[in-house]
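Peer 1: next comes the sequence, and after it the predicted model I'd like to discuss.
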Amino acid sequence: MADAGTGDKRLVKSKSGLRIVNMRDDVSSPFLIPEPNWVPDNEYGHCMQCQGRFALMNRRHHCRRCGRLFCSRCCENKVALPRMCFVDPVRMCGNCAKVTKGENEFFEKHLKVLLNGSEFHVCDDLDSEVSDNSVTFFCRLSSDHRFLHFESDTEVRESLMLDKVDNIQTLTPGVDPQGNTIGTGMAVTYESENGQLLMRFVVQTSNRKQGMNWITAMQKAARFLYERRNQSRLRS
């Protein structure tokens, strides 16, 4: 199945560095964030963190993530920023560097899990009985990160747009003999033309580890979706 809405990418140079971006904004990954507006140099004569005054030997620098002004010591970190599509690591303040390093685990590890996909029994409610003979779908994230695709030799299911997802909840029916919580899948609520609907992903017993790793990655992805949605509400 071809990925819906995939756009051509281009290399662009901004004042912060080189970026690889889609030529169309409407097909960009929902996990990305825009470059910030920089605080004008003439608005602050001192570092916005340590309050040290800028001078010839204490130059001003902009954090590439938040756009605020800092001295060299308070903005000395250079960190990869895939959420803004930078080719090389860019300069950041301490707080932004800490947040970004935590997020980068998703791009380095969990995003690959979602793109590789996993098999699940997929149901449209929480009560449907699932057995080893139930139809399975190979679920994977599209290459543009905008859709969940469902692939099966026997049934057709429409792709789910991530922007429509409202909530993701892990299904945990019990514990194992060691007292660890056993996850069996996840429930996804999403918006449709018919209102809010629910979809259940049930892990296959023969493929539990891969399935639960995929669900963990989906929960990580949901954080970015919720964050972007909240920021959009604040801007509006």
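Peer 2: Yep, it's here. Nothing here was measured: the structure is a model prediction, and the numbers come from that model.
Peer 1: and the top helix by length along the chain, what does it pack against?
Peer 2: The helix spanning the most residues in the chain, taking DSSP state H as the definition, is helix 208-235. Other elements packing on helix 208-235 under the criterion 3 or more Cβ pairs under 8 Å, 6 or more residues apart in numbering; DSSP states H and E are helix 111-116, strand 118-123, strand 165-171, strand 185-192, strand 195-203. Backbone N, C-alpha and C define where each C-beta goes, glycine included.
Peer 1: closest to I215 out of these?
Peer 2: Across the helices and strands packed on helix 208-235, I215 has its closest neighbour in strand 185-192 (4.7 Å, Cβ to Cβ).
Peer 1: partner strands of the closest one and their direction?
Peer 2: Paired neighbours of strand 185-192 in the sheet (DSSP bridges): strand 165-171 (antiparallel), strand 195-203 (antiparallel).
Peer 1: quick revisit: can you list the helices and strands packed on helix 208-235 in CSV and add mean neighbour count, distance to V27 and mean pLDDT?
Peer 2: Shown next, in CSV, are the helices and strands packed on helix 208-235 (neighbours: other Cβ atoms under 10 Å; distance: least, Cβ to Cβ, whole Å; pLDDT from 0 to 100):
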stretch, mean neighbour count, distance to V27, mean pLDDT
helix 111-116, 17, 16, 97
strand 118-123, 22, 25, 92
strand 165-171, 16, 18, 90
strand 185-192, 18, 20, 93
strand 195-203, 18, 24, 92
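Peer 1: re earlier: could I get the strands paired with strand 185-192 as a markdown table with distance to F224?
Peer 2: Below are the strands paired with strand 185-192 laid out as a markdown table (distance: least, Cβ to Cβ, whole Å):
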| stretch | distance to F224 |
| --- | --- |
| strand 165-171 | 11 |
| strand 195-203 | 19 |
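Peer 1: which of these sits closest to F137?
Peer 2: Of all the strands paired with strand 185-192, it is strand 195-203 that lies closest to F137, at 8.7 Å by Cβ to Cβ.
Peer 1: what about that closest one, distance to the chain center?
Peer 2: When distances are taken as Cα atoms, centre = their mean, to the nearest Å, strand 195-203 is centred 20 Å away from the chain's centroid.
Peer 1: now stretch 213-220
Peer 2: 10 Å.
Peer 1: what residues does that stretch touch?
Peer 2: 106, 109-111, 113-114, 117-118, 139, 168, 170, 183, 185-186, 201, 203 (Cβ atoms under 8 Å, 6 or more residues apart in numbering).
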